[in-house]
Each structure stands twice: as C-alpha cells, then as structure tokens.
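> just coords:
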C-alpha cells in the first residue's frame, strides 16, 4: 500500500477485549465499550459521544436503545464487514483514478461505535479521514464488499468536495437545501466511480432504487414542503428514520438533482451558497411539477 495512506484499524483489539468480557447485559456492554475506547483511542470515543451530546442527548441511553446489546450474530456480521472493508480500502489504494481525487494525507479508521454513522467523512489526528462504524454498517445491511465500496466512495466524495472548495476558496452554506446539495454531490461522486446509477443504499433495501425513481415527484414535493414549513428534513437522511418504509431517500433525491445540473465534477463541487439555493430549489420544483 502506498505510504501516503494510513489505516487505523481498532477492530482486532476491540474484538479480543470484547471476547474477554463476554456478557449479554447491555449496560455492562456499554461500560466495556466506553472503557476500551477511552483507553485505546480517546479521539474516536469523543467523536462518537459528541454526535449525541451536540443534540443534547444522553449517549448511553441512545446507545442502549439503538445498538446494544451486541450479540454473537451481530459480532459475526461485524467480522464479515471488517474483512470486506480491508479489501475495499486496499482496492481504493490501488486505483490511480480514485487516488488522485483523494486528499494526499487521508486516513481510514475502522471502529465499533454507538450508532453515529456507518461512514463518516471527518478528521483524525488533524488529518482528513473516513471513519467506518461497523455497528451501523451491519444495522444498514451494508457488510457486502460492493456496498462498502459504495459507502467508501460516498464519503470520499465529501472529502473531494471539501478539498476542491478549499483550493478555490469557495464558502460553505447551511440549511436543508445545502445539506441536500452536499449529500447529493457525494452520492453522485459515488455513482460515477462505482457504476452509473448504483448506490450502496439500494443494496441494503431491495427495491429502493425503483421505488425512489417512481416516486421522484412525490419526494421532491415532500422535501420542498418540509423546507417551506421549516420542518426538519431528517426523515430523508437519518438511518433511523424513513419515508413510507424507505430509508435515506434524500440521497437518491440529491443525486437526481446533481445529475440534472449536468456540470463537470469539479464545477459541481464548487457551487456557491447562492447558486445552490437557486439551482436546487428550481430543480426540485421542476421535479415536483413534472407532468
């Protein structure tokens, strides 16, 4: 593997520690999880709990509700996901087309978290990083190699966008339309490098792609209504939420908007906040009012 890349893999040590402390009690499991990551990698620990505390939530209560207990079947699936992630990361390292689109000091981090993200474009040791949470990966049924490759490319899309915007000194925006833009771009980036019109979300939800395609008008209308009324758009993106039983439909919607704009990848990544507000709102309205 090229020296310019780094892989931080906490799973082998975690599973050894975990197996030494086998218990089915969720409170004890949370205690062991906290002890391991506080001692072994406090940065991962702080990132995991801060995602809850930023929302004013008690992380132990939510972790117990959403993730714990971790039983033997979940651990076997995490082992499968871990094995496939190692293959995926190795493949990305060896693909020159992808490598040139990534930050030169990129770090990949594999860990077991408390439900704060299957994939996470972030930072680690003050360097750009993609974090993979095995507990969320199996929750979304993304443990296959093809699903994990899509997930990795999606997160790489976020880092690519951040990199080129920094190079061009383009400011960032905020709000639901902006979030649709960022996630839509990452989804478009993924589809271009993995296989056109293919997304990792569809691999965990058979029929997802077809349903979203058939309900593009409906999704567009619903999103615009949420924005206009000031409602949260979490149901379009959060892995614990759904629309008519389908999770993460906002990623499909964002991809379709990005595709509709018909811009080169670099230019698409660098829209100004004003352009995003105008172009995305207009495109969503076109989808919503399609005959």
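Looks like it came in fine. Computed from a predicted structure; not experimentally measured. Numbering: from 1, shown residues only.
> Any regions of this structure where pLDDT drops low?
1-5, 54-57, 195-197, 291 (pLDDT under 70).
> got the contact list for the most centrally placed residue in it?
Geometric centre of the chain, nearest residue: residue 119, 3.9 Å, by CA atoms, centre = their mean. Shown in contact with residue 119 (CB atoms under 8 Å, 6 or more residues apart in numbering): 130, 131, 132, 133, 137, 151, 152, 154, 155. Where you see a C-beta, it was placed from the backbone N, CA and C, and this is true even at glycine.
> Could you measure from the fourth one over to residue 245?
Between residue 133 and residue 245 the distance, using CB to CB, to the nearest Å, works out to 24 Å.
> Check the second one too.
As judged by CB to CB, residue 131 and residue 245 stand 28 Å apart.
> Between those two, which has more neighbouring residues?
Neighbours per residue, other CB atoms under 10 Å: of residue 131 and residue 245, the larger number sits with residue 131, 24 against 7.
> State the three-state secondary structure for residue 8.
strand (DSSP: H, G, I helix; E, B strand; the rest coil).
> Tell me the bridge partners for it.
For residue 8, the beta-bridge partners under DSSP bridges are residue 109.
> who touches it in this structure?
Contacts of residue 8 (CB under 8 Å, 6+ apart): 41, 107, 108, 109, 110, 124.
> Quick check: the first one touching residue 111?
Yes: taking CB atoms under 8 Å as the contact criterion, residue 41 and residue 111 are neighbours in contact, 7.3 Å apart.
> Overlap in contacts, those two.
Common neighbours of residue 41 and residue 111 (CB under 8 Å, 6+ apart) are residue 10.
> Compare neighbour counts for those two and give me the winner.
Set side by side, residue 41 and residue 111 show more neighbours around residue 111, with 23 against 18, by other CB under 10 Å.
> surely that one meets residue 14?
Yes: the pair residue 111 / residue 14 is scored as a contact, 7.4 Å apart, by CB under 8 Å.
> what about the nearest residue to residue 219 once chain neighbours are set aside, distance to residue 205?
Closest residue to residue 219 apart from its sequence neighbours, by CB to CB, 6 or more residues apart in numbering: residue 253 at 5.0 Å. To residue 205, residue 253 is 15 Å away according to CB to CB.
> higher neighbour count, the two?
residue 253 (26 against 18).
> Where does the more buried one sit, in terms of helix or strand?
helix 249-261 (DSSP states H and E).
> So which other helices or strands are in contact with that helix?
Contact here means 3 or more CB pairs under 8 Å, 6 or more residues apart in numbering; DSSP states H and E; on that basis helix 249-261 packs against helix 176-194, helix 208-214, helix 216-229, helix 273-288.
> The longest helix seen in the chain vs helix 176-194, what angle?
For the chain, the longest helix by residue count, based on DSSP state H, is helix 145-168. Going by axes from the mean of the first three to the mean of the last three CA atoms, to 10 degrees, helix 145-168 is angled at 120 degrees with respect to helix 176-194.
> returning to what we had before: beta partners of the residue nearest to the centre of the chain?
Beta-bridge partners, per DSSP bridges, of residue 119: residue 132.
> picking that back up, show me what contacts the residue nearest to residue 219?
Neighbouring residues of residue 253 by CB under 8 Å, 6+ apart: 180, 184, 212, 216, 219, 220, 223, 236, 284.
> on that earlier part again, for the helices and strands packed on helix 249-261, which one ends up most surrounded?
Most buried of those, by mean neighbour count (mean count of other CB atoms under 10 Å): helix 176-194, with a mean of 22.
> can you list contacts of the helix or strand just after it?
Following helix 176-194 in sequence order, the next helix or strand is helix 200-204 (DSSP H and E). Helix 200-204 is contacted from outside by 140-142, 144, 146-151, 154, 190, 208-209, 247-248, 251-252, using CB under 8 Å, 6+ apart.
> again, only using 10 Å
118-119, 137-144, 146-154, 187, 190-191, 194, 208-212, 239, 246-252, 255 (CB atoms under 10 Å, 6 or more residues apart in numbering).
> Buried ones among those?
Buried members of those, scored by 16 or more other CB atoms under 10 Å, are 118-119, 137-140, 142-144, 147-154, 187, 190-191, 194, 208-209, 211-212, 239, 246-252, 255.
> hey, where'd the helices end up in the stretch 1-150 of the chain?
Shown for the stretch 1-150 of the chain, the helices assigned by DSSP state H, counting those that start in this stretch span residues 11-20, 26-40, 42-53, 59-66, 72-93, 96-99, 134-139, 145-168.
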